[in-house]
Every structure is written in structure tokens, then in C-alpha cells.
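Peer 1: pasted the sequence and its predicted model underneath.
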Amino acid sequence: MVWALIGGTGTTKKRSELIIMERDPESKCNSYSSYSYLKTLDIGLLPIYNSELFIQDNAPIYTARIVRTYFDNNRVHCLVGWPLYSLDMNPIEHLWPRLKESIYKLAPDINSITNKDWQVDRLIEVLPMAWSQIPLKTVEGCLKSMRSRLQAVIDADGWHTKY
């Protein structure tokens, strides 16, 4: 699982480094938890956060009490009430397919690696490069479309939109 941030105001647009989240060995099935999410936020969000509105979806590890407390303690302003039926409203969701395209350009053989551990190692190797190769112009396009996205949710009363 990966995490990244895009944002900016006015003409200043930015993106964070891509972070490969660590699994939580204490969680069910050695998966991801609010604790692994907090570690990710420490690395990816706090160093570049400057009081902008932070948007994330309603995944349970993002909305856990400990995460809300973390945001309060670090004065991170979060958008609350993200529409349950408009998950792809977050502009970064439209960059994940671009990331996948970039991965295949850098490692076209990635699906032919039969050893799962080797495949994961190769993916970990190329993911940060693939993220950095997505043009900033593409990131800006996703951010500029936010007003239209929000209007679409309003028009659909919080239900599905074309986004």
C-alpha cells in the first residue's frame, strides 16, 4: 500500500514523496492499521504540511479515534463528512492509474516475475521513480478539477458522480 499527498494553493502546487506503508505486525492478518497510518503521516504529511485543508477518504484506519487525536494534536485541518458514495472525488485517486502506467514503463517485466518476494522488491524499487515521473502538469490538472468535482457531488446529493 502506498501513500502520497498532492496539493497547493494558487500557483504553488506540490506533491509529497511516495511512501510505501509498513504493515502492522500487531494488526489482524499483519495488515495496515491506524498505527501504520500514523507512521506514514509522520514521514509524509507533517514535514510539508502548512495548514491547508487535508482531504482523505473514510477508510477505517484514516478515521480511527487515534488518528483524529493525532490530527488535533498536530493542528492538521481535515475535511470531515467525505461523501461515502463519491470515493473517487479525491483528485489523487486519478493519479494512481498514471502511477501504474509509469511503473510498467520502468519495469515492463514486473508481471512476469513469478517469485512474489522478488516482484515486491522490484515494485518497491520502481514505485518512487514512477511517482516522480508523473508530470507536475498532470498533478495540477487533477487539482484544478476539484471545484467541478465538488459541484458534481452537490448536484448528486452526495451520491455517485462521473468522477
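Peer 2: Sure, I can see it. Residues are numbered from 1 along each chain as shown.
Peer 1: got any ranges where the chain has weak pLDDT?
Peer 2: Filtered on pLDDT under 70, the chain yields the residue ranges 9-13, 83-88, 163.
Peer 1: same thing but at 80, please
Peer 2: In the predicted model of the chain, residues 8-14, 80-89, 153, 158-163 satisfy pLDDT under 80.
Peer 1: just the helices in it please.
Peer 2: Here the chain has its helices, by DSSP state H, at 34-44, 60-63, 65-73, 96-106, 116-132, 136-144, 146-155.
Peer 1: so which of those helices is the most packed in?
Peer 2: Neighbour counts (mean count of other C-beta atoms under 10 Å) averaged over each of the helices of the chain peak at helix 34-44, with a mean of 18. All C-beta spots, glycine's among them, are computed from the backbone N, C-alpha and C.
Peer 1: give me the distance between it and the centre of its chain.
Peer 2: Centroid separation for helix 34-44 versus its chain: 12 Å, with C-alpha atoms, centre = their mean, to the nearest Å.
Peer 1: what is the burial count for residue 5?
Peer 2: Neighbour count of residue 5, defined by other C-beta atoms under 10 Å: 20.
Peer 1: leaving out sequence neighbours, find the closest residue to it.
Peer 2: residue 16 (4.0 Å; C-beta to C-beta, 6 or more residues apart in numbering).
Peer 1: kindly provide the distance from residue 15 to residue 131.
Peer 2: As defined by C-beta to C-beta, to the nearest Å, residue 15 lies at a distance of 8 Å from residue 131.
Peer 1: oh, I was asking about residue 74
Peer 2: Distance from residue 74 to residue 131, by C-beta to C-beta: 24 Å.
Peer 1: again, but for residue 54
Peer 2: 19 Å.
Peer 1: what's the answer for residue 58, then?
Peer 2: Applying C-beta to C-beta to residue 58 and residue 131 gives a distance of 24 Å.
Peer 1: one more: residue 76?
Peer 2: For residue 76 relative to residue 131 (C-beta to C-beta), the value is 22 Å.
Peer 1: next one: residue 159
Peer 2: In this view, residue 159 and residue 131 are 31 Å apart by C-beta to C-beta.
Peer 1: same check, this time on residue 21
Peer 2: When residue 21 is compared with residue 131 (using C-beta to C-beta), they lie 14 Å apart.
Peer 1: ends of stretch 1-19, how far apart?
Peer 2: Start-to-end span of stretch 1-19 (C-alpha to C-alpha, to the nearest Å) is 9 Å.
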